[in-house]
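Asker: Could you work out the structure for the sequence below:
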Amino acid sequence: MTAEPDVGIRGRGSGVSAQAAMEYLMTYGWAIVILAVVLGALAYLGVFNPIDYAPKAQPGACSVYRPFGPNTTTDINTAGVCNGEIPQYVARFNGGNSYIQPAQGILGGTSSLTVSLWFNAKSLATGGAQYGWIDEEGVWGFKFGQPSSASFCFATTAGNWAWCVEPNTAYTFSANQWYFVTFTYSNGAPTEFYFDGIQYPGPTESGIMTTGSSGPLQIGPAVSDSSEALNGLISNVQIYNTALDSNNIEALYAEGIGGAPIDLQNLVGWWPLNGNANDYSGNGNDGTPVNVIFTTNWYNGYSQP
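Answerer: Okay, the predicted model is just below:
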């Protein structure tokens, strides 16, 4: 004789299981919610940022070796740890009276030029105001603004910031975000601007850079006009006495914020700003930091290309 299924007992067991699950959730649910909130807050603060645990390059880990002395180009090479590790430090500028001034100007009268750097603005210029990244007084300069969209200016003489470009309304800066910016200049050719390794249409003007004696080179300029002082971070400033092509600039971006120079023959200055203002190009143009902090708290807003 076939036994009938004990529906009543099984149904009662399912009810007990459901009740036990509800009691568990009521007892421990608040702990689960609190744990989720804490984990979310830690993630927002960057605690779980993988960059925090990536190998960091120590100050001076990579440098350019010139066996025949500064400004020579024979048998030069890089020395040390030059595999693109992210820096331990970057330079923090206070937006008022902080700047870095290398020992001398280096490019007065040059016919070609490339300047590249990584930066992170803690506040953005508005209403047509502009902040300086780097300039060589009386010769050239490079700065940015945020009137409505990203704008960049290159000048060949002090006070003449006519060569500006607004790439497009879609390309705008955000505070607390790292960007890689580059410009190239050649006498008789329009200046070219690159943002995160991508070339954008530059101004149609072209001309001859001022010749003669150059003034001091300044990074995060605050000497001549404190209203244009940068409030933010700068890392890995590189200057070449040639106009690098788009392939080289794209390769520089791909190296990331800890990348080494890409054209040693034409490199004239390299300031990684990893813990100091020394020039690691082998040309000995070390900088003097004034009210600049070298901070390890810089990872938020950066993603390795």
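Asker: Below-threshold pLDDT in the protein: ranges please.
Answerer: Within the chain, the set of residues satisfying pLDDT under 70 comprises 1-33, 35-53, 103, 105-110, 125-130, 137-139, 145-172, 188-190, 201-215, 222-227.
Asker: Can you pull the domain assignment for it?
Answerer: 1-48, 55-295 (automatic domain parsing).
Asker: Which parts of the stretch 201-305 of the chain are strands?
Answerer: 217-219, 231-240, 267-271, 287-290, 293-295 (DSSP state E, counting those that start in this stretch).
Asker: Parallel or antiparallel, which strands does the last one pair with?
Answerer: Each strand that pairs with strand 293-295, with its direction, by DSSP bridges: strand 90-94 (antiparallel).
Asker: Enumerate residues external to the partner strand that contact any of its residues.
Answerer: If you take C-beta atoms under 8 Å, 6 or more residues apart in numbering as the criterion, strand 90-94 is touched by 98-100, 118, 120, 219-220, 222, 229-235, 257, 273-274, 277, 289, 291-295, 298. Quick note: C-beta positions are derived from backbone N, CA and C, even for glycine.
Asker: Kindly recompute the last result at 6 Å.
Answerer: Applying C-beta atoms under 6 Å, 6 or more residues apart in numbering, the external contacts of strand 90-94 come out as Gly220, Leu230, Leu233, Ile234, Ser235, Leu273, Val292, Ile293, Phe294, Thr295, Trp298.
Asker: Give me the nearest residue to Thr242, chain neighbours excluded.
Answerer: Asn266 (4.1 Å; C-beta to C-beta, 6 or more residues apart in numbering).
Asker: Might one say that that neighbour is in contact with Tyr240?
Answerer: Yes - Asn266 lies in contact with Tyr240 (C-beta atoms under 6 Å); the separation is 4.6 Å.
Asker: if you count what's nearby, which of the two comes out ahead?
Answerer: Taking other C-beta atoms under 10 Å, Asn266 and Tyr240 do not tie; Tyr240 has more neighbours (26 against 16).
Asker: Spit out the contact partners of the more buried one.
Answerer: Shown in contact with Tyr240 (C-beta under 6 Å, 6+ apart): Thr114, Asp263, Asn266, Leu267.
Asker: Need these in TSV (columns: distance to Thr184).
Answerer: Putting these into TSV (distance: C-beta to C-beta, whole Å) gives the following:
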residue	distance to Thr184
Thr114	5
Asp263	12
Asn266	12
Leu267	14
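Asker: By neighbour count, which of these wins?
Answerer: Result: Thr114 is most packed of the contacts of Tyr240 (other C-beta under 10 Å), 27 neighbours.
Asker: and the strand or helix carrying that one, what other elements does it pack with?
Answerer: Using DSSP states H and E, the element containing Thr114 is strand 112-121. Other helices and strands packing on strand 112-121, by 3 or more C-beta pairs under 6 Å, 6 or more residues apart in numbering; DSSP states H and E, are strand 178-186, strand 231-240.
Asker: do that again at 7 Å, thanks
Answerer: Here strand 112-121 touches strand 130-136, strand 178-186, strand 231-240, going by 3 or more C-beta pairs under 7 Å, 6 or more residues apart in numbering; DSSP states H and E.
Asker: counting contacts, what elements does the first one pack onto?
Answerer: By that I understand strand 130-136. The helices and strands touching strand 130-136, judged by 3+ C-beta pairs under 7 Å, 6+ apart, are strand 112-121, strand 140-145, strand 217-219.
Asker: CSV please, covering those strands and showing distance to Asp196.
Answerer: Output for the helices and strands packed on strand 130-136, formatted as CSV (distance: least, C-beta to C-beta, whole Å):
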stretch, distance to Asp196
strand 112-121, 10
strand 140-145, 14
strand 217-219, 20
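Asker: Just say which of those strands is most tucked in.
Answerer: Among the helices and strands packed on strand 130-136, ranked by average contacts under mean count of other C-beta atoms under 10 Å, first place goes to strand 217-219 (a mean of 26).
Asker: name the helices or strands packed onto that strand?
Answerer: strand 99-102, strand 130-136.
Asker: related to what we said a few turns ago, can you tell me which of the strands of the stretch 201-305 of the chain is most buried?
Answerer: Neighbour counts (mean count of other C-beta under 10 Å) averaged over each of those peak at strand 217-219, with a mean of 26.
Asker: okay but Ala229 is in contact with Gly96, surely?
Answerer: Yes - judged on C-beta atoms under 7 Å, Ala229 makes contact with Gly96 at a distance of 5.6 Å.
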